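J.: Next comes the sequence, and after it the predicted model I'd like to discuss.
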Amino acid sequence: MRRPTPAQTAGPYYSLGLDWWQAHPITHEPPAGAAICVRGQVLDGDGAPVPDALVEIWQANGAGDYPTRSAAAGEGFGRVSVDAEGRYTFLTHKPGPTTPQAAPHIHFTLLARGLMNPLVTRLYFADEAARNHRDPALARVPLARRATLIAALTPTGYCFDIHLQGPLETVFFDV
């Protein structure tokens, strides 16, 4: 007679095999003088930090081209787990627009406990207002929610907080 398998939750298993990425949490060495810092915090619906999330980014280069399989390992891609306060940091370069209509952006994927599927969003840059205005993907987001996708420019780089739920919930894309 067969016995049912024991119940178990999905995750959090995101730290397994992540030791290498902890030592290399940047996408790649950006060109001299073109480095930007993207920082943020992953927050739950109550505004409390999510301490066990994994954040990945994928982006085009400065010319708006995505890396090919033959590109150097790690180019255009980064992965880091958040700290106990839900904070993450990436050192990268500012991507170029991928089409004449698109605004520069960085793709974000978020994995965390309780999420059965990854969440996917985009970071747009506050200092690209004219390009943001004509970006086709951003134009599909209701005007009242677009601010959740715009990274604020600060003296130390860009700040992009990701809210999983609540009144400040980040827009996530169905991909």
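T.: Looks like it came in fine.

J.: The residue nearest the centre of the chain sits in which helix or strand?
T.: Nearest to the mean C-alpha position of the chain, by CA atoms, centre = their mean, lies Phe108 at 2.6 Å. For Phe108, the host element (DSSP states H and E) is strand 105-111.

J.: Would you mind listing the outside residues contacting that strand?
T.: 11, 14, 38, 42, 53-59, 92, 95, 118-125, 135, 137, 160, 162, 164 (CB atoms under 8 Å, 6 or more residues apart in numbering). (Each C-beta comes from the backbone N, C-alpha and C, glycine too.)

J.: Any of those residues buried? List them.
T.: 14, 38, 42, 53-59, 92, 95, 119, 121-125, 135, 160, 162, 164 (16 or more other CB atoms under 10 Å).

J.: From these, which land in strands?
T.: 38, 42, 54-59, 92, 119, 121-125, 162 (DSSP state E).

J.: and those residues, which two are the farthest apart?
T.: Taking CB to CB, the two most distant members of those are Leu54 and Phe125; they sit 23.2 Å apart.

J.: neighbouring strands for the strand holding Phe108, and are they parallel or not?
T.: Here strand 105-111 has these sheet partners by DSSP bridges: strand 54-59 (antiparallel), strand 119-125 (antiparallel).
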